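Trainee: Need a 3D model of the sequence below.
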Amino acid sequence: MGAIDRFLKNAVFEPRDITAMSMALDEVCNELKVNGDALAKEIIATRIIELARRGERNPIKLRDHVLAEAKAQTTRQQGFVVESKLANTDARKSNRFLAALDQQDYLRLAAHLRPVALHQGRVLHDNGDPIEHVYFLHSSSVSLVVTMRDGTAIETVMLGRAGVIGWPAAWGGRHCNGRAIVRLPGSATQLAAAEFRAAARESEAIYQLALRYNDFLLAQVQQAVACTTLHQLEARLCRWLMQAHDCTDGNVISVTQELLSQVLGVRRTSVTLVEQALKSAGVIGSRRSRVEILDRSKLEARACECHGSIRNLIDNTFPIAPGEKKQVTASEIRMGISSPRDIHDRGRPVSTTS
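Mentor: Numbers count the residues shown, from 1 in each chain. Below you'll find the predicted structure:
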């Protein structure tokens with residue numbers, strides 16, 4: 001078994017790619033002398049996996065890329081705190097809550113932010129748990145789930161790059177409502193709930209943004225109720241895949257039919273039939289715990305209106321901070337955003353060619 005295997009979870013790679021990633025992980029850990037630090041190794045492995053997902057499979061290039069990033073990092077063994085200009089910059093670009101803050105308010109949080117890897121299936125909190133940490137999502141997806149007495153569960157909200165887990169800490173909330181579970185693996189930044197609470201006390205802007213975020217979640221739950229009640233399964237499945245695609249940097253989504261049946265509240269056989277129809281139409285490809293988006297425009301045409309409605313909710317909740325330039329990610333190019341003006345003008349497609 002390669003060194004990277006235990007960090008892969010449900011990710012699917014060829015054996016030679018796993019070997020390449022394992023070689024890169026071993027060399028980076030040896031160079032940084034962190035072989036004995038489990039969390040440090042997890043963070044490095046997660047970064048290597050992210051690079052591999054984007055297409056880099058050369059072990060030397062993987063090693064050099066991660067080592068180059070590590071030059072900006074300071075590592076301390078106790079608690080493994082990573083303080084990185086690069087990490088802080090990336091955090092602000094890739095989470096809409098953080099991007100909506102001005103420089104001063106962002107720095108209130110940045111000093112306490114720590115990058116974390118979120119593995120598929122990890123429960124960030126359960127109903128009634130104390131709020132100990134706040135998570136800002138970057139390249140992962142988290143579902144807020146309601147569980148019945150018989151164990152049946154259904155997704156009420158799907159959160160991606162606009163997601164904040166533990167937001168009630170801003171106004172002194174102490175306990176969690178419902179379960180937050182990682183659906184798509186990826187990265188996030190984390191800070192102690194007490195630090196978030198203190199920042200919200202010191203900054204009216206942070207406090208008000210947390211209140212707007214609470215309103216955004218309520219509106220998204222209302223949209224989800226309407227979607228479940230009024231829309232056909234194919235349209236709902238396509239909407240879910242669109243949202244998942246927005247959360248990732250590639251076209252492959254690590255998801256099983258069993259998971260899709262759970263989040264949509266239907267039988268697995270129903271998901272199988274819809275997937276087969278989408279494959280026949282050339283919209284998606286699927287095999288063994290993953291779905292590949294082959295034609296996003298076709299997927300969007302089959303999705304219900306709820307994807308666009310949720311997208312607009314996000315943009316209305318998280319405007320770009322005054323004086324800040326919008327940083328465009330690959331997922332936002334897919335979403336039709338090329339500048340702050342395009343957030344309010346989605347009628348025309350964005351060309352990615354010169």
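
Trainee: If you drop the residues flanking it in sequence, what lies closest to residue 176?
Mentor: residue 125 (4.2 Å; C-beta to C-beta, 6 or more residues apart in numbering). Bear in mind the C-beta positions are built from the backbone N, C-alpha and C, glycine included.

Trainee: what bridges to the one you found?
Mentor: For residue 125, the beta-bridge partners are residue 180 (DSSP bridges).

Trainee: Could you list the buried residues of stretch 259-266?
Mentor: Residues of stretch 259-266 classed as buried: 259-264, 266 (neighbour count, 16 or more other C-beta atoms under 10 Å).

Trainee: Ok, stretch 137-157 next?
Mentor: 137-145, 153-157.

Trainee: again, but for stretch 165-177
Mentor: Going by 16+ other C-beta under 10 Å, stretch 165-177 has these buried residues: 165-170, 173, 176.

Trainee: what does stretch 203-220 give?
Mentor: Quick answer for stretch 203-220 (16+ other C-beta under 10 Å): 203, 205-207, 209-210, 212-214, 216-217, 220.

Trainee: List every C-alpha atom in that stretch, with coordinates, as CSV.
Mentor: Taking C-alpha atoms only, stretch 203-220 is exported to CSV below (Å, rounded to 0.1, in the frame of the first residue of the first chain):
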residue,chain,number,x,y,z
SER,A,203,-16.8,44.2,13.9
GLU,A,204,-20.3,45.1,13.0
ALA,A,205,-19.6,44.1,9.4
ILE,A,206,-18.8,40.5,10.4
TYR,A,207,-21.8,40.3,12.7
GLN,A,208,-24.2,41.6,10.0
LEU,A,209,-22.7,39.3,7.3
ALA,A,210,-23.3,36.3,9.6
LEU,A,211,-26.9,37.5,10.0
ARG,A,212,-27.3,37.7,6.2
TYR,A,213,-25.8,34.3,5.9
ASN,A,214,-28.5,32.9,8.3
ASP,A,215,-31.2,34.5,6.1
PHE,A,216,-29.5,32.9,3.1
LEU,A,217,-29.7,29.5,4.6
LEU,A,218,-33.3,29.9,5.5
ALA,A,219,-34.1,31.0,1.9
GLN,A,220,-32.1,28.0,0.6
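
Trainee: quick one: average confidence on that stretch?
Mentor: Here stretch 203-220 scores 95 as its mean pLDDT.

Trainee: where are the low-confidence patches of the stretch 251-354 of the chain?
Mentor: Scanning the stretch 251-354 of the chain for pLDDT under 70 picks out 320-354.

Trainee: same thing but at 90, please
Mentor: Across the stretch 251-354 of the chain, the ranges flagged by pLDDT under 90 are 254, 262, 286-289, 318-354.

Trainee: what do you get for the stretch 1-150 of the chain?
Mentor: In the stretch 1-150 of the chain, residues with pLDDT under 90: 1-94, 102-104, 106-114, 127, 139, 146-150.

Trainee: any chance you could map the strands in it?
Mentor: Secondary structure of the stretch 1-150 of the chain (DSSP state E, counting those that start in this stretch): strands located at 73-76, 81-84, 114-118, 123-125, 133-137, 141-147.

Trainee: Following the chain past the longest helix along the chain, name the next helix or strand.
Mentor: Of all the elements of type helix in the chain, the one with the most residues (DSSP state H) is helix 204-230. Sequence-wise, the next helix or strand downstream of helix 204-230 (DSSP states H and E) is helix 233-247.
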